[in-house]
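*Asks:* just to be clear, the model below is a prediction. Sequence and coordinates:
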Protein chains: 2
Amino acid sequence: MELSDRQKKIVEIVKENGPITGENIADFLNLTRATLRPDLAILTMAGYLEARPRVGYFYTGKTGTELLTEKIKKIMVHEYVSIPIVVNESVSVYDAITTMFLEDVGTLFVVDDKGFLTGVLSRKDLLRASIGQQKLSAIPVHIIMTRMPNIAVCRKEDPLFQVAKLLIDRQIDGVPVVRDKASGLEVIGRITKTTITKAFVELVTDSDQHL
Amino acid sequence: MELSDRQKKIVEIVKENGPITGENIADFLNLTRATLRPDLAILTMAGYLEARPRVGYFYTGKTGTELLTEKIKKIMVHEYVSIPIVVNESVSVYDAITTMFLEDVGTLFVVDDKGFLTGVLSRKDLLRASIGQQKLSAIPVHIIMTRMPNIAVCRKEDPLFQVAKLLIDRQIDGVPVVRDKASGLEVIGRITKTTITKAFVELVTDSDQHL
């Protein structure tokens, strides 16, 4: 929603002078209260201003962008979670690379014999190992993986933007979505930079789903 | 901006019956034209409806989310472009992998002796080459790279969401930002899934920069 110049001026006046009555805002602008009524109604309904009876208008502190992005904050991991591809910690680096190509993913999760998360393998980890001198079919992945407890994880009910922030802050391509069990973390999904890129695209293209 | 139940009903009526006059909308709802005036003003100013003199109200086809995401559509590549890392097409796969680690990027761009774009190397391309039987220091990158004209590119003045869509549609991690020259494409930047993930995070966290 684009504000008109007059609406922007009103927000500025309330920001500086609030709480302020409609009459006083009208005085600032040399307009009548009646002229301003639709603008004040719009600014209040859109969340920029708050009106309190007998007191006047307050600035809510919410900018246009904030109001827009409150919607983004409500996107949850479970809406975008993909299937996780897991390998046992005893498989070789060669087999892990093969799995990565077969499944066409950039991140593998490593689990122990009970199926609990023990590590993460990125393309970068596998590429680093592959330029070493050792035979890739002779190295088990647990030698080169990033291991617990140094693994960033997320849960189904986390907001997606927090996972996006985690990917950027930790400089990683993906995280496992986990479920907490008494004796470890069960891997139930994955969120990657591809997921976030899809979510970004859908912000723009899937806009006919809500009114 | 949350619409009231009555405003939602008005949008539905106009969607089904538009163009429709204010009086006719009022009839549908058993209300007076005067009662509806503020709602119609709000819906028109917020972009849901369009009013044409002597004709009536039209539904613009813009939903709440569409109106919100028009802002996202205005984010341009030049606001987020990163420095490109380029290698000459004669360097070895081994040296390209080393460059990728030194520069800590996931995509390298390959240029000819005149500096024009000829190819792209992803971590996936290099990983595929590295599990082959050949000596990595003996293979020049032009053998394994994705080459022109099969390369997706973007330009500084493109909307960022279109590049995000390109990354998803083509299943690639990054694209070069190019400038058109008479005899080729000059590489002036890069946009990757990391860029898009950063932009997604900033939609939520940098919300105090605009009104």
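*Replies:* Yes, it's here. Numbering: from 1, shown residues only, chains lettered A, B, ... in the order given.

*Asks:* going by C-alpha atoms from here, please, whenever you check contacts or count neighbours.
*Replies:* Will do.

*Asks:* can you map out the helices along chain A?
*Replies:* Taking DSSP state H as the test, the helices found in chain A are A:5-17, A:22-29, A:33-45, A:64-73, A:93-103, A:123-130, A:160-170, A:193-205.

*Asks:* any chance of those helices in CSV, plus mean pLDDT, mean neighbour count and distance to chain B?
*Replies:* As requested, those are arranged in CSV below (pLDDT from 0 to 100; neighbours: other CA atoms under 10 Å in any protein chain shown; distance: least, CA to the nearest CA, whole Å):
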stretch, mean pLDDT, mean neighbour count, distance to chain B
helix A:5-17, 89, 17, 8
helix A:22-29, 92, 16, 17
helix A:33-45, 85, 18, 6
helix A:64-73, 68, 18, 5
helix A:93-103, 96, 18, 8
helix A:123-130, 94, 20, 6
helix A:160-170, 96, 20, 6
helix A:193-205, 91, 22, 6
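
*Asks:* out of those, which is closest to residue B:88?
*Replies:* In terms of CA to CA, the element of the helices of chain A nearest to residue B:88 is helix A:123-130, at 20.6 Å.

*Asks:* so which residues make contact with the closest one?
*Replies:* For helix A:123-130, contacts defined as CA atoms under 8 Å, 6 or more residues apart in numbering or on different chains pick out A:93, A:97, A:106-107, A:136, A:144-145, B:97, B:123-124, B:126-127, B:130-131.

*Asks:* tilt between that helix and helix A:93-103?
*Replies:* Orientation check (axes from the mean of the first three to the mean of the last three CA atoms, to 10 degrees): helix A:123-130 against helix A:93-103 gives 140 degrees.

*Asks:* kindly export helix A:123-130 (C-alpha atoms) in CSV.
*Replies:* Written as CSV, here are the backbone C-alpha positions of helix A:123-130 (Å, rounded to 0.1, in the frame of the first residue of the first chain):
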residue,chain,number,x,y,z
ARG,A,123,29.3,-30.5,-1.1
LYS,A,124,32.2,-28.4,0.2
ASP,A,125,33.2,-31.1,2.7
LEU,A,126,33.1,-33.8,0.0
LEU,A,127,35.0,-31.6,-2.5
ARG,A,128,37.7,-30.9,0.1
ALA,A,129,38.1,-34.6,0.8
SER,A,130,38.1,-35.5,-2.9
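
*Asks:* next one: it to chain centre, how far?
*Replies:* From the chain centre to the centre of helix A:123-130 is a distance of 27 Å (CA atoms, centre = their mean, to the nearest Å).

*Asks:* kindly report the same for stretch A:70-85.
*Replies:* Averaging C-alpha positions (CA atoms, centre = their mean) puts stretch A:70-85 8 Å from its chain's average.

*Asks:* list the buried residues in it.
*Replies:* A:72, A:73, A:75, A:76, A:77, A:78, A:80, A:81, A:82, A:84, A:85 (16 or more other CA atoms under 10 Å in any protein chain shown).

*Asks:* surely the fifth one and residue A:162 touch.
*Replies:* Put plainly, it is residue A:77. No - Residue A:77 lies out of contact with residue A:162 (CA atoms under 8 Å); the separation is 9.3 Å.

*Asks:* now residue A:57: how far from chain B?
*Replies:* As judged by CA to the nearest CA, to the nearest Å, residue A:57 and chain B stand 18 Å apart.

*Asks:* just residue A:51 next, same as before
*Replies:* According to CA to the nearest CA, residue A:51 and chain B sit 16 Å apart.

*Asks:* what's the spacing between that residue and residue A:41?
*Replies:* From residue A:51 over to residue A:41 the distance is 9 Å, taken as CA to CA, to the nearest Å.

*Asks:* just residue A:101 next, same as before
*Replies:* 57 Å.

*Asks:* same deal with residue A:149?
*Replies:* To residue A:41, residue A:149 is 53 Å away according to CA to CA.

*Asks:* the contacts of helix A:123-130 into TSV, with extra columns for distance to residue A:188?
*Replies:* Below are the contacts of helix A:123-130 laid out as TSV (distance: CA to CA, whole Å):
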residue	distance to residue A:188
A:93	23
A:97	21
A:106	17
A:107	14
A:136	28
A:144	23
A:145	19
B:97	32
B:123	26
B:124	25
B:126	29
B:127	27
B:130	31
B:131	29
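
*Asks:* nearest to residue A:156, of those residues?
*Replies:* Among the contacts of helix A:123-130, and counting by CA to CA, the member closest to residue A:156 is residue A:107, at 18.2 Å.

*Asks:* just the pLDDT for that closest one.
*Replies:* Predicted confidence (pLDDT) for residue A:107: 96.

*Asks:* spatially nearest residue to it, not counting backbone neighbours?
*Replies:* Once flanking residues are discounted, residue A:107 sits nearest to residue A:122: 4.6 Å by CA to CA, 6 or more residues apart in numbering or on different chains.

*Asks:* and the one you found, what does it touch?
*Replies:* Residues in contact with residue A:122 (CA under 8 Å, 6+ apart) are A:106, A:107, A:108, A:173.

*Asks:* can you give the domain ranges for chain A?
*Replies:* Domain ranges of chain A: A:5-68, A:77-202, per automatic domain parsing.

*Asks:* end to end on the last one, go ahead and measure it.
*Replies:* It refers to domain A:77-202. Criterion CA to CA; first-to-last residue distance in domain A:77-202 is 14 Å.

*Asks:* for the spatially most central residue of chain A, give me its contacts.
*Replies:* Nearest to the mean C-alpha position of chain A, counting by CA atoms, centre = their mean, stands residue A:161 at 1.2 Å. Contacts for residue A:161 (CA under 8 Å, 6+ apart) come out as A:72, A:73, A:75, B:200, B:201, B:204.

*Asks:* of the residues you listed, closest to residue A:17?
*Replies:* Of all those, residue A:17 sits closest to residue B:204, with 28.0 Å by CA to CA.
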